[in-house]
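Novice: Got a predicted structure plus its sequence, pasted below:
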Amino acid sequence: MQISMSVNGNEVTRDIEPRVLLVHFIREELGLTGTHWGCDTSNCGTCVVLMDGQPVKSCTVLAAMADGHEIRTVEGLASNGALDPVQQGFMEEHGLQCGFCTPGMMLTARALLDKNPHPDDGEIRQAISGQICRCTGYATIVRSVQWAANHPVSSAATGDAA
Ligand code: FES
Ligand code: FES
């Protein structure tokens, strides 16, 4: 079957097997390996991408279900050479250790901040509750998202020194 979707602002059309999962379509067909593949059983959340702005576990979604939708992966977070504030926040607050959970965490954080620009710690923890950090760095992840909330426009985008 043929499917078309917007991925990070680019229209893509491919012929696929109907059984192909979105995570495999993104990684293997499109070569966007920033989307990680962990448990394959809907538990870890490392495969999270945004579909029409909402976090989805891409191992639970058929690629065919994304036909006609907008997909955003971690490769689409930065724009015009500027990091998304969430990416910068993870750098500033050391929000990653091995980095395996990081793409999904950052996309969930972006979706949260788009809906709720000033979440409290509990709201951040609720938003990422479907995702596991095997390095258990949750405190720094929460601080990273708070940093992004406090710096809604990245310094690189504005040209500010810091
Ligand atoms: Fe999708 Fe773990 S790989 S939830
Ligand atoms: Fe290692 Fe989260 S930083 S899994």
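Specialist: That came through, no problem. Ligands and ions are numbered 1, 2, ... in the order given.
Novice: can I assume Thr13 sits in a strand?
Specialist: Yes: under DSSP: H, G, I helix; E, B strand; the rest coil, Thr13 falls within a strand.
Novice: got the contact list for the spatially most central residue of the chain?
Specialist: Centroid-nearest residue in the chain, with C-alpha atoms, centre = their mean: Leu107, separated by 2.4 Å. Counting by C-beta atoms under 8 Å, 6 or more residues apart in numbering, Leu107 touches Val48, Val49, Leu50, Pro55, Arg72, Thr73, Val74, Leu77. From N, CA and C alone the C-beta is placed, and that goes for glycine too.
Novice: need the contact list for the fourth one.
Specialist: So that's Pro55. With contact taken as C-beta under 8 Å, 6+ apart, Pro55 is in contact with Val48, Val49, Gly104, Leu107, Thr108, Ala111.
Novice: And the second one, by the same measure?
Specialist: Contacts for Val49 (C-beta under 8 Å, 6+ apart) come out as Leu22, Ile26, Thr35, Pro55, Val56, Ser58, Ile71, Arg72, Thr73, Gly104, Leu107.
Novice: I'd like the residues you listed as CSV, with distance to Glu123 appended.
Specialist: Listed next are these as CSV, based on distance: C-beta to C-beta, whole Å:
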residue, distance to Glu123
Leu22, 27
Ile26, 28
Thr35, 25
Pro55, 14
Val56, 19
Ser58, 24
Ile71, 25
Arg72, 21
Thr73, 24
Gly104, 18
Leu107, 16
